[in-house]
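Trainee: Prediction below, plus the sequence it came from.
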Amino acid sequence: MSPSFGRGVMTNHIIDMKNTDCALIIGSNVAENHPITMKWLLKAREERGAKLIHVDPRFTRTSAVADIYAPLRSGTDIAFIGGMIKYIIDNNLYHKDYVVNYTNAAFLINDGFDFKDGLFSGYDESKKAYDPTTWDYQRDAEGKPIKDPTLTNPRCVFQLLKKHYERYDIDTVCRITGTPKDKYLEVLETFCATGAPDKTGCIIYAMGTTQHTVGSQNVRSYAMVQLLLGNAGRPGGGVNAMRGENNVQGATDMALLFHIIPGYINSPMNTPDHKDLISFLKKETPGAANLPVSTLAELREAVKAGFPNSGFKINTSKWVVSMLKAWWGDAATPENDFAYHYLPKRDEKKNYSHMAMFEAMYNGEIDGLFVNGGNPVVGGPNANKEQAALAKLKWLVVLDLWLHETAEFWSYKAWERPVENPDVPKMEPKDIPTEVFFLPAAAVYEKEGTASNTGRWMQYRWKGAEPVGDSKPDLWIIDQLCKRIKKLYEGSTKPEDEPITKLTWGPYGEGEEPEPVLVGLELNGYIGKFEDHKPVENFTKLADDGSTACGVWVYSGCMTTKPDGTLDYKPMWRDNQDNSKTGLGLYSKWAWCWPLNRRIVYNRCSVQPDGTPWPGDEARALFKWDPNNPDGDPKTGNPGKWVGDDVPDFNKYLAPAVGPGAAVPFLMRPEGVGCLFATKKDMKEGPFPEHYEPWESPFKNLLNSQQNNPCIKVWEPDKQGTADKYPIIGTTYRVVEHWQTGALTRNLPWLAELMPNMFIEMSEELAKLKGINNGDKVIVSTTRGDIEGIACVTKRLKPFTVDGKEVHQIGMTWHYGFNGYAKGDPANRLTPHIGDANTMIPEYKAWLCDVRRA
Amino acid sequence: MKVTRRQFLKFTGATAATFAVVDLGFGLTATAAEVKGCRIKDVTPTPTICPYCATGCGLLVYSETDASGKFVKLLSVEGDPDHPINRGAACAKGAALFNLREVYDELTGEQVVNPKRAQKPLYRAPGSDKWEEKDWDWILDEIAKRVKETRDKSFIHKEKIADGSEIIVNRCEKIASMGGSGLDNEEAYLLSKMMRALGVVYLETQARI
Amino acid sequence: MAKLIKVIDVTKCTACRGCQVACKNWNQNPAVIEPFTGSYQTHKDTNAETYTIVKFNEYVDPAKGVRWLFRKHQCMHCDNPACMEACPRQAYSKTEWGATLHDINRCIGCQYCHYACPWSVPKYLKREDVVTKCTLCANRVEAGLKPACVQTCPSGALQFGDQGELMAYAQERVSFLRNNGFPEATLYGVNEMGGCNVVYVLAYSPDKYGLPVNPKVSGQVSFWQNIVQPYAGWLIPLALGASVVSFFTTRLIAASERAPEEGGNE
């Protein structure tokens, strides 16, 4: 989503779903995986007559309550959505004023840009990568993009888009996706009606979208539809990424990911353009690369003056320097690049993502692993291999509430398999040299802290019970561990130990237990010394001269002080009155949400360029321009500002205008508008999503001669299953009764009761073909391994007719393992080590298998 | 004294009474002894946020405490009616949060701590087929030692880069860290900070899988 | 005192099964783990420690194709409950607002209520030698709280409150459904068994949800109620078959023996 909108986050929030006229739920099963969402979707249906559309390979509990259910073969979203883009353009259903003003539809593209038979210009076969130089705008002398607001220039994005999806006609799409034509048409007509200015529709997606070799482009295609229909940045609209874990949003914001540092800034690499702070800042601040500056002071002046193609990220230096100050305090000085050199520089040639980590581990390249509330023996792709990789470790630290399958990967039962398979590793405890340290963690309500939900709401959880036995809050464990490691390095004078010896570490409280609020202070940022407890107001007050410290700039603004001078952590706020006059349900004083408590991001789009509501949509306008407001721009002293229920996600002092001088609606994008065309390095496989088949597919790509995404990294070419041996499409999913790897649900008797065993869903047709009865034990096999489960034969699954041929599909949950009250084989023993070209998210959702009676 | 479930039902059954009406909007009179008491009456709940999916629903934890305010046991965990997102609702998982800590035993019906909860730090030695119980000091110190040993042995301090210059890269590729999406923000932040200070680059959370 | 009813609008149910767990949480019931046999439903029926379950039925609508029908199954809290009439120990009672309650202190575990109920709701709990069932969360309701299942329901499928208001709502739902592609839509629990405190809004006829279309009390119960009960207990052995005799007498004796040592709490 970041290449389209500027941020990779859910644009709206849960309650806002009640404001929609139509919800397209695709690649998501909200009724099962985000059940409370249904409260608001059903409210939209009851009160606004909203339609709910579910597009999914399986008929699920979401389909059961949807108005329209359309099946689609797993891994064909881009064909499905590509056809929708064509339908919107062909039938003039796009929201023209929105498209012209709030997207890059009018921007002209470099003449070198081209697309032929599945490949965009610039592909290098040997590197399996593109040189994206031509994927750029035509620019004027100042470097600003050239536009054609009439959208007629053949090199404008709109015309190129139209041309690209010319091939995605309804019949071709249905031949690929296996969707019945009447159902597809019903979806197109219903959802595309939200292109009317007085209508909004939202797209809701989750892992069914992202867990593909084209996962990022799937998301892109949704974002593009929402830009065309004028649905992004408006209540009841947006692209709503349903995050799967209670704080996966927060963990991402904290940059527990190799490729970023906190606040979505690329992590430094061992490259010349990252070799020192100024090089890094020039590289990572959009539009700064070619500035004639060679010191931070010069960059600071350039930022103050402003430069084109930068967007709000022009402030990157303030975020980076403040983070360095938060981490290394007094040791971070202007003279030493604010200790920039302490940060690890990853090897640009290496990938450090989940699959790469386990491949490296399997090859013996990693000695020690921390697993902080994860369970790769169940949840990792190609779990047989990941389990074997753990046995190559010298030591493993597991932090969890339960002795789950990863904690006990070395036990006898961990290596039991339903079928003898020479390709699957089998070990015994005596052969496994790994030392395992298990740290018992306290449960969620036995400790305190905040979590950020999918709508970016940062909420406080209080402690309601004591930890069981000797279990401890994770915060205590991490705090203790760091202090003990620092102690071991105490007194070291080696320069390579400085990042540890000089690392600031609170103190986060006076007693033995660290206080979450004090860590919150560091997230928010502070002025002066940490011990002074003086929070900065928000990230607009951060500086790059060392006068402010801030751990995670996007969280800046989450802390303030009470009248008595003590810290006031906004996630604790519990005013549940809806502050929006129009009843939109923003609840701005309930907890706090990043950035700056904006509940709906890109919210400039909720009104027309001239600042008035979209015709007929007064109730969903979030702002209006108040020209005489005395609280005007402090810089110019002029009166006038935008007022409304939400916090503006744009310059609130800029009067409504069209063209230069207008507040940009997508301020995190260098071009300031939503991107129908993703430029340069934003997407690895091209500016427009193009359909490629899943890595394992029984069908040839009908749209071009590139079978798979041309940019994916293939770890195990020999493990690619083919349809002659494995003719059935397999997919994995979750159910409401369990969660993720099941550690946190299979150990709960009430939930084990609801879903006690591993089961395999299949159609009556396939069951008949294979001689399987409902309730039979069956074996599912892929090139990676075999699992056993119980057949769940259902009318809800049907074979697909793809290009005139019938293909079967089976589905299974990936929640099970060999421990807990509810047991079963992990489905991920079947899934491949192959992932999306951009994110490396594995393709859990579409692979080839066979099934038989056990 | 062990209280059987039957006795437990009978004890609590004696306390049926009329309470202030909170959210139904009308008064009722308790009618029969068979109406067991409302065990969360007059108990101040503690708000938390559900640890499962990312919807961010509020839940209330009702606990019994002794005269000194010390926690005794859980009474109930339910949806938070004040929470704007879920308004008191909870799906099967949210409604089961009581089980995260305590369960009613299948055979006796008694309320006990969930027997699957790990309560002690544990160590598994190389080649062993069992766990050994350890104390926190031992286990944390041992882990710290492993971290230092592995880091010091494999640390890449400086490296020659593409332009021929040598720069400090402070990288430790032999230690990896995964997970964290179940951690609180404060925990995830400190983990991120600590790992990066150690030079860890194999740093991943569930956002990727 | 106005009656309070529960409306179960199955057309809004997403089968999240929060109600099933919230019920266990409130009633302090342990899990009853049975193996998966091919349906999401897991339990075929409620049991003594599972007062409510969501039933899953697949149905092919000739016009709409495959439908997955969910229905929360539980005690109907009849106005004239067969269980109450059948009970030889007067363990059953009605609250003035409509809940059918069962006093386990009086129960002797004879299970006659189970056989009397057209939905077989009361279930035998071997460990305690008593029958158990849904209480409509009377102890919550009388403390001003909603029943646990109603509070936890995310989708609005479960509603609890004043009979007049909720019946109007339920009827409105049925007319809406009938006008929007579900001509068979109907209420269930209004006329059944002379009226119940639990009323379903159904999109299809009751049989599609596994509900008996004309629920009846078994003949034996009216016999018990009209003929046996008016007479003294000595008629029991004569009125019932020999195998039942020892069943009842041992339980009655056991109950009378047990009573003193367990007394003192009422």
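Mentor: Here it is on my side, so go on. No experiment lies behind these values; they were computed from the predicted model shown.
Trainee: Now do stretch A:322-331: distance to the chain's middle.
Mentor: How far stretch A:322-331 lies from its chain's middle: 28 Å, per CA atoms, centre = their mean, to the nearest Å.
Trainee: what's around whichever residue of the stretch 51-200 of chain A sits closest to chain B, how many residues?
Mentor: At 10.8 Å from chain B, A:Arg61 is the closest residue in the stretch 51-200 of chain A, using CB to the nearest CB. Placement of C-beta: from N, CA and C, glycine included. A:Arg61 has 27 neighbours, counted by other CB atoms under 10 Å in any protein chain shown.
Trainee: What of the one 10 residues further on?
Mentor: Neighbourhood size, A:Pro71 [other CB under 10 Å]: 22.
Trainee: do the same with A:Ala356
Mentor: A:Ala356 sits with 19 neighbouring residues when counted by other CB under 10 Å.
Trainee: just to revisit the earlier point, for the nearest residue to the residue of the stretch 51-200 of chain A closest to chain B once chain neighbours are set aside, give me the backbone phi and psi.
Mentor: Excluding the flanking residues, the one nearest A:Arg61 by CB to CB, 6 or more residues apart in numbering or on different chains is A:Ala31, at 4.2 Å. Torsion angles at A:Ala31 (phi, psi; degrees, to the nearest 10) stand at phi -60, psi -30.
Trainee: Run a quick neighbour tally on A:Ala31.
Mentor: Neighbours of A:Ala31 (other CB under 10 Å): 29.
Trainee: Could you tell me whether A:Ser216 really is in a strand?
Mentor: No. Under DSSP: H, G, I helix; E, B strand; the rest coil, A:Ser216 falls outside any strand and is assigned helix.
Trainee: isn't the residue nearest to A:Arg61 right next to A:Met38, touching?
Mentor: Yes. Using CB atoms under 8 Å, A:Ala31 makes contact with A:Met38 at a distance of 5.2 Å.
Trainee: Identify the contacts common to those two.
Mentor: Listed contacts common to A:Ala31 and A:Met38 are A:62, A:65, C:14, C:16; contacts here mean CB atoms under 8 Å, 6 or more residues apart in numbering or on different chains.
Trainee: so what's the first one up against?
Mentor: The neighbourhood of A:Thr62, defined by CB under 8 Å, 6+ apart, consists of A:25, A:28-32, A:38, A:54, A:56, C:14.
Trainee: In CSV, list the residues you listed along with secondary structure, distance to B:Gly94 and pLDDT.
Mentor: Shown next, in CSV, are the contacts of A:Thr62 (DSSP: H, G, I helix; E, B strand; the rest coil; distance: CB to CB, whole Å; pLDDT from 0 to 100):
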residue, secondary structure, distance to B:Gly94, pLDDT
A:Ile25, strand, 21, 98
A:Ser28, coil, 19, 96
A:Asn29, coil, 17, 97
A:Val30, helix, 15, 96
A:Ala31, helix, 14, 96
A:Glu32, helix, 13, 96
A:Met38, helix, 13, 96
A:His54, strand, 23, 98
A:Asp56, strand, 24, 98
C:Thr14, coil, 14, 98
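Trainee: what about dumping the CA coordinates of stretch C:183-200 to CSV?
Mentor: Output of stretch C:183-200 as CSV, limited to C-alpha atoms (Å, rounded to 0.1, in the frame of the first residue of the first chain):
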residue,chain,number,x,y,z
PRO,C,183,-40.4,-16.2,1.6
GLU,C,184,-40.2,-18.9,4.2
ALA,C,185,-38.9,-16.6,6.9
THR,C,186,-40.7,-17.2,10.2
LEU,C,187,-40.7,-16.8,13.9
TYR,C,188,-40.2,-19.9,16.1
GLY,C,189,-41.0,-20.0,19.8
VAL,C,190,-44.1,-17.8,19.7
ASN,C,191,-46.8,-20.5,19.4
GLU,C,192,-44.6,-23.5,20.0
MET,C,193,-45.3,-25.1,23.3
GLY,C,194,-47.8,-22.4,24.1
GLY,C,195,-45.1,-19.7,23.9
CYS,C,196,-41.5,-19.5,24.9
ASN,C,197,-39.2,-16.9,26.3
VAL,C,198,-36.7,-17.6,23.5
VAL,C,199,-37.9,-16.6,20.0
TYR,C,200,-36.0,-17.4,16.8
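Trainee: quick one: is it near chain B?
Mentor: No. On the criterion CB under 8 Å from any CB of the partner chain, stretch C:183-200 is out of touch with chain B, staying 13.8 Å away.
Trainee: of the shared contacts of A:Ala31 and A:Met38, closest to B:Leu122?
Mentor: Closest approach to B:Leu122 among these (CB to CB): C:Cys16, at 35.2 Å.
Trainee: how far away is whichever residue of the stretch 151-266 of chain C sits closest to chain B from chain A?
Mentor: Relative to chain B, the nearest point of the stretch 151-266 of chain C is C:Pro154 (3.9 Å; CB to the nearest CB). In this view, C:Pro154 and chain A are 5 Å apart by CB to the nearest CB, to the nearest Å.
Trainee: Please identify the residue of the stretch 551-700 of chain A positioned nearest to chain B.
Mentor: A:Tyr587 (4.5 Å).
Trainee: Can you give me the neighbour number for that residue?
Mentor: Residues within reach of A:Tyr587, counting by other CB under 10 Å, total 22.
Trainee: who touches the closest residue in space to it that isn't next to it in sequence in this structure?
Mentor: Nearest residue to A:Tyr587, sequence neighbours excluded (CB to CB, 6+ apart): B:Pro84, at 4.5 Å. Going by CB under 8 Å, 6+ apart, B:Pro84 touches A:15, A:576, A:578, A:585, A:587, A:590.
Trainee: Per-residue pLDDT of the second one, please?
Mentor: It stands for A:Asn576. For A:Asn576, the model assigns a pLDDT of 94.
Trainee: re the thing from before, surely the residue of the stretch 51-200 of chain A closest to chain B is in contact with A:Asn29?
Mentor: Yes. Counting by CB under 8 Å, A:Asn29 is a contact partner of A:Arg61 at 7.1 Å.
Trainee: Next, the contact list for the residue nearest to A:Arg61, please.
Mentor: A:37-38, A:60-62, A:64-65, A:736, C:14-16 are the contacts of A:Ala31 under CB under 8 Å, 6+ apart.
Trainee: Next, format those residues as JSON lines and append secondary structure.
Mentor: Listed next are the contacts of A:Ala31 as JSON lines, based on three-state DSSP:
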{"residue": "A:Thr37", "secondary structure": "helix"}
{"residue": "A:Met38", "secondary structure": "helix"}
{"residue": "A:Thr60", "secondary structure": "coil"}
{"residue": "A:Arg61", "secondary structure": "helix"}
{"residue": "A:Thr62", "secondary structure": "helix"}
{"residue": "A:Ala64", "secondary structure": "helix"}
{"residue": "A:Val65", "secondary structure": "helix"}
{"residue": "A:Val736", "secondary structure": "coil"}
{"residue": "C:Thr14", "secondary structure": "coil"}
{"residue": "C:Ala15", "secondary structure": "coil"}
{"residue": "C:Cys16", "secondary structure": "coil"}
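Trainee: can you list the weak-confidence ranges in chain B?
Mentor: Counting by pLDDT under 70, chain B contains low-confidence residues at B:1-36.
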